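Asks: Predicted model follows, preceded by the sequence.
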Amino acid sequence: MPSPRVAVVLVCHDGARWLPGVLEGLAEQVRPGGPVERVVAVDTGSLDDSAELVQATLDRLAPQGVRGEVLGLSSTATFPEAVAHALDRLRDAADPVDRVWLLHDDSRPAPGALDALLAQAEERPDVALLGPKLREWPSLRRLLEVGVTMSGTGRRETGLERGEYDQGQHDEVREVLAVHSAGLLARRDVLDELGGFDPALPLFGNDLDLGWRAAAAGRTTLVVPDAVVFHAEAAHRGLRRTALTGRHTHFQERRAALYTLLANVRPLAVPLQTVRLVLGTVLRALGLLLVRAPGQAADEVAALLSVLARPGQVAAARRERRAVLTAAGAEGPDRDRVRRLLAPWWLPYRHGLDVVGDLLSALTLQASDVAERRRAAAAEHDPSSLAALRLRAEQEAAARRAAAGDGGDDADEVDDSTSVLGRLLASPVALALVAVVVVLLVGARAALGPVSGGALAPAPDDAGAWWDLYGQAVHAVGLGSDVPTPAYVLPLALLGSLVGATGTISLLLLLAGPVALAGAWRFLRVAGRLVRPAGAPRGLLVGAAATYAALPVTTGAYGDGRLGVVVATALLPWLGHAALGFADPALDRRRRATWRTGLLLALVTAFAPTAWLLAVALVVVVLAAGAALVGPAVLRPGAAGPPLLALAVPVAVLLPWWLPALLRGEAGALVVESGYQPSPVLGAGDVLLGRLGEHAAPTWFGVLLVVLATLALLPRTTRLPVTACWLVVAVSTLVALALTWVSVPLVVGEGPAGLGAPLVLVAGALVTAVLLGGVGAVADAPRLPTPVRSLVAGALAAAVVLPVAASLWVLVAGDELQRQPEQVVPAYMTESAAGGTQHGVLVVGGDVADGLDVRVVRGSGVTVGEQEVLALATPDDAALATITELLSRPTGRTVDDIGALGVEWVLLTAPADPTVAATLDATSGLQQVSTTPGSRGWQVTRPLADDAVPADGSAGRTLLLTLQGLALLVVAVLCLPTWRAADQDSGDSGDSRDGETDEERAGAADAPAVAVAGAAGGRRRGHR
Amino acid sequence: MSRRPDPWLLAAVLLPVVAVVASLLATSPAPAPVADRPPEETALARSTVVCPPGGRDLVVASTAGASGSVDLRTPGGREQLEIEPGTATRTRVGGGAVVVTGLDDLAPGLVAARFASPLSSVVCSEPEADQWFTGLGAGARHRSTLQLVNPDGGQAIVDVTVLGRNGEVEAAELRGITVPGGSTFVVDLASELPRRDDLALRVQTLRGRVVAGVRDSFEEIGGDQGADALPAQDAPSTENLVLGVPEGSGQRTLVLANPGDEEGRSTIRLVTGRSVFTPEAGREVTVGAGSVRRVPLSRLLRGEDRGGDERPLGLLVQSTVGLTADLVSFVSGDLVHTAPSTPVDGDGGTVPLPGSGRATLVLGGAVSQDVVTVQLWDADGERLDDRREELGTERALAVRLPRKARLVRVVPRDGTVSTVVLVSDGDRGTTLVRPLQGPTTGLVPQVSPALP
């Protein structure tokens, strides 16, 4: 077999930085009598001394039998043009070589790379293209590419994880769709046949296009991992800017990918693919906007537009490819081979999930390290302090552990072989948490399916009713009401559009416990670590979190059907966790905490309206106490600004709720508990004991919690934080006391203000105090005398009673929730009423001697969201006078007026007063209808008015809704973490720790970014 | 040298105290108890009095002292009747039911009665939801017809329960009787459930408004005969005062009905002008549960009739359970039904008189010593001299009324007094007329919105 003859084609452009290494590597491949016969270097207008460097090396290699030359092209010459120029030169030679080896000016071949490639080429002479394994330069150990393919969205898929170390896991020779043009060994005739690289792709993506075309032509492309080339990826990383790339490498890459896709995919798939690309681009652009990367979003859209705006180019490309195939004598493209080599169809979705997961983990990882960061900042501030020494010791230990773990080959396998289930079963804490979640779900089983009862009205038929209610300024309920829609209707409508109205209520009630558990766990863990570096013992954490998670049931809120208090309880620890961000040393994290706290506070206030007042009181007291005790430094804008700004966020976000309420003098709507009015009535001490209704846990439970929280003040170590918790308790009870002086006028009588929010906050603060006191007791115990130590043990044992009793109560507590609401109104009347607002049902109860109670039922009855609107409406005196006349001395005209009120049915509930019944029987215009025994019913046979209770939006409300929408959008965007694509990392600091945060490098002044794609130690499987 | 107290220690002590005190004080204001909202009294704007079918002599009067015209609705049509204050305006009507409606000024105190010849009287009343009739018959000789009059436009539904000698009588046809609007439904008991014993009826209105009346007739071949309207009783009672025992010989029978579940024992006492006493014959009568008992009293009454003050004016039936009662008397060939008397309170009870025969006012059942004013008007509406009668407890009083009197109004000063007027016209019959108290005010209930 004749020995192969190789010509090296080296394309240079301002590569003086790397060329020395490249040329050295090239020299290593050359030996006398070796395969390299010629070297053609194409220099595209370099401004540095690239050309001279190459020439010098070629001169050095000349004695070894290598004929080398340097060709010059203008600086606007593209890579395909440069290669084509070189190929032309090779073709012109009298005795052309068989193979061409392409090198970039930033790709250094390892010794033996060319030989490995040639060895494989000898084994398989039919193979047209061979590529090496690319490793990162300068780290030399991390894999870049071992063959590439393309996914359905045009993304370049390497099948590797970012920063994957080369440990021989990808070392088999296999066929791929394409190989990188750096180090590509190609048969020269095949290259000519395929027409080289596509000139329409000046810099990026032309290798994929070549590979695709080769595969379509039935040519095999192999990757030979034994051959290693180190690539600096200068253009891709933006380290080298050329006239071709401009400043937007992302745009160019994306454009290249789209073009390749559209030019090579089969003809029938082109329209579908175009649509898919458009949708995908829009989605990706939105996502990038949300993570505050507008430049990249613009690049995406620009790339799409640039490809779609020139369909002629794509069409011409497709024609060319067809022509090439025809010229080669093939009947058509080798579809099977292409399909086999392209990436699997599910890969883009897998990437999407990964992004979402990364985002979520970035969100959650953000604040959990506030404790660590505080200590790190303190250590920086005073490196000689004890805390700093401890921190350094910990970090060294961690580094040693990591180093030890990294050395062995099995390091990667250890974590993966233990399944999730295995790890779960081995950890008692995890088991306990799972048990608690099961208990909570079982306790909330009444919420499965349609549920109502107590203070909870049934859900409407679909979420559209909630949207309508939210958009209206005047509501078509009862006798008409202009009370502003409660703020919680918006989150309900959003959820309801996803899972349906009934599903929303069930979901909220079912998941409140587990969500509270998760939030309490996170909050208490961080609180523990703020107090003691090692954090709280896990057993105490589980107990405290379980006690808190049971609060919706132990306070009786769930049993009473107080949905607002239940949801507020679930959200409160997340709010606390976000608020802990105010203690962060970095200003930007404090700012991020502002928005998150503000948004969560708005959500909690929507469900438990008095929460905002409570928050204001807390912030004021804490700032005042801080100023008094620590000094005026607490009041400087950097420290006091974020909490105050966080208070302002609900004001902006809940605008359509509180502003009309204040303007119309219905401020009572801002303090009542959500649900049926009147709000729950609390007795003496109930705020502290956490008893909201009659289904609350027994009194001794609350007493035990208070006693333990008081005892928690004793351990000296944690006295300060426990006192802070008690400060929160004291402020909450004082706010509750102030609220008891508020009487809210209802449509009849008066009702109390809602004390759910202070009550829940008190309970949460007490649980936190008990936890922190426990931590302190455990820490102090070794130093205490033995009898005291046994007392402490006793107190801790008593503390165990709390979660156990709470869990038992969750299982056995009664509730008022039931599947079917009690029906007072007969079914046919309800059906008729659902047909329009003119078919209202006037329901009359009571008797003449003690007074009659009337209400008008419209639609399918009172549903969630309408209860407060009905209960707080100002009574319509004219309508009441008409109704009084109907029930006492009706004339024909009275019945006409009743019809004009939009009432079609009159129902006397059991027991029906015979006088009233007789009066109505005697009235003309009323027709008797049958009802359940004991009650009486009539139908109004006069014309009914359908505009009696109008349901209207108004310009004012639309304006407020628009403002709310804008505020929500702004705050939501500000809440999300910044996304910086990890491949924009500076390639220089090759020894950077794998991802984590950039802030160490960028400094605290920049918005700290969390590299999303695969950083922070996440391990994912690529596709194989 | 004083040590400043550690602020944290101070806070650690004070804060729990503050929290406990605040929570003890933080009690929600108790929701205001739902105050009873009694109905308001207003001037009556409309009053309807319904006369069941009976005699052709209709007498209408307004005790409120207003004049104007009232609306008369009969099967034959509508007509207006002018009435003057204090005048018992008479008119002749057909035999069917008559609905008298007074509006505005004429609504309060509207009373009406109709008389037939031989003398029998039907008192016109407002619709009642629950009434008892005792002493009916459903046989060939003793026939009763139940008349149900519906004055309104919409239909009414009535339930009739029948009690007989041996308990409740199964009468499915009498359940859920539908009386169309503006019509009279007549139930002939003899054809519906022919029986020989004495019956008691309970008429309950389930829907709508109905005025019930019973016409009773006896026809013994060669024996007693006659016809009269059977007055209604509102509810069973443990003390039934049956005032107005007619003078003269003739059969006297007391019919008692016990609608309850327990057997009842009753004592029949005689009420005279001087006292109430249990006769030596010591009648203790047992009435079974849900059944009707007939008690012949002729001998008893005759034996005790010593004349003058000692003449029995009425019967007091005291029993262990609630009973309804009716005294059936045959006087000079006419039938007289006496039901327990209605008490009249300070608003006064009005009795229109038929204009023929001699009227005797019988008063009784005073709870305490009382003075009763008897106002009289003649046919032209002129006021006659008032009579003031003193009435003691445990006795009755019979007052003969002047022949000129056409309208009588009885006003007790202090409490309530049972009142009835016995009119006897010799061979032309005898009847009892009960006083009427037309409603003077209406009730407007307090209506307030209810919380959802």
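Replies: Received it, and whenever you're ready, just let me know what you need.

Asks: which residues of chain A score low on pLDDT?
Replies: When residues are selected by pLDDT under 70, those of chain A lie in A:1-2, A:237-247, A:362-369, A:383-387, A:398, A:401-426, A:978-1024.

Asks: Kindly report the residues of the stretch 351-452 of chain B close to chain A.
Replies: B:442-452 (Cβ under 8 Å from any Cβ of the partner chain). Glycine gets a C-beta too; all of them are placed from N, C-alpha and C.

Asks: Ok, the stretch 51-200 of chain B next?
Replies: Residues of the stretch 51-200 of chain B lying near chain A (Cβ under 8 Å from any Cβ): B:127, B:129, B:152-156.

Asks: In terms of distance to A:G15, which of the residues of the stretch 351-452 of chain B next to chain A ranks first?
Replies: B:P452 (78.5 Å; Cβ to Cβ).

Asks: Could you give the secondary structure assignment for residue 292?
Replies: Since you didn't name a chain, this refers to chain A. coil (DSSP: H, G, I helix; E, B strand; the rest coil).

Asks: right idea, wrong chain: chain B
Replies: strand.

Asks: so how far is B:V187 from it?
Replies: 18 Å (Cβ to Cβ, to the nearest Å).

Asks: neighbour count winner among these two?
Replies: It is B:V292, of B:V292 and B:V187, that has more neighbours when counted by other Cβ atoms under 10 Å in any protein chain shown, with 27 against 23.

Asks: Give the bridge partners for the more buried one, please.
Replies: B:A257 (DSSP bridges).

Asks: That one and B:P259 touch, don't they?
Replies: No. Between B:V292 and B:P259 there is no contact under Cβ atoms under 8 Å: 9.6 Å.

Asks: which neighbours do those two share?
Replies: B:163, B:200 (Cβ atoms under 8 Å, 6 or more residues apart in numbering or on different chains).

Asks: Quick check: closest non-adjacent residue to the closest residue to chain A within chain B.
Replies: Using Cβ to the nearest Cβ, B:R37 is the residue of chain B that sits closest to chain A, at 3.0 Å. Distance criterion Cβ to Cβ, 6 or more residues apart in numbering or on different chains; nearest residue to B:R37, sequence neighbours excluded, is A:G851 at 3.0 Å.

Asks: now that neighbour, which residues is it bridged with?
Replies: A:D847.

Asks: What's the local residue count around it?
Replies: 18.

Asks: For it, which residues are in contact?
Replies: B:36-39, B:445-448.

Asks: can we see that at 10 Å?
Replies: Shown in contact with A:G851 (Cβ atoms under 10 Å, 6 or more residues apart in numbering or on different chains): A:845, B:34-39, B:445-448.

Asks: From A:L623, how far off is the nearest residue to A:G638 once chain neighbours are set aside?
Replies: Spatial nearest neighbour of A:G638, chain neighbours left out: A:L587 (6.0 Å); criterion: Cβ to Cβ, 6+ apart. A:L587 is 18 Å from A:L623, where distance means Cβ to Cβ.

Asks: B:V18 now?
Replies: With Cβ to Cβ as the criterion, B:V18 and A:L623 are 19 Å apart.

Asks: do the same with A:A77
Replies: Applying Cβ to Cβ to A:A77 and A:L623 gives a distance of 65 Å.

Asks: between those two, which one's more packed in?
Replies: Each of A:A77 and A:L623 has its neighbours counted (other Cβ under 10 Å); A:A77 has more, 21 against 16.

Asks: Verify the stated contact: that one with A:V11.
Replies: Yes. In terms of Cβ atoms under 10 Å, A:A77 counts as a neighbour of A:V11; the distance is 9.3 Å.

Asks: Mind listing the shared neighbours of those two?
Replies: The contact lists of A:A77 and A:V11 share A:42-44, A:85, where a contact means Cβ under 10 Å, 6+ apart.

Asks: low pLDDT regions in chain B?
Replies: B:1-5, B:33-34, B:222-224, B:281-282, B:303-307.

Asks: which residues touch the residue lying closest to A:T717 once chain neighbours are set aside?
Replies: Of all residues not flanking A:T717 in the chain, A:G776 sits nearest, at 4.3 Å (Cβ to Cβ, 6+ apart). A:G776 sits next to A:531-532, A:536, A:712-722, A:792 when contact means Cβ under 10 Å, 6+ apart.
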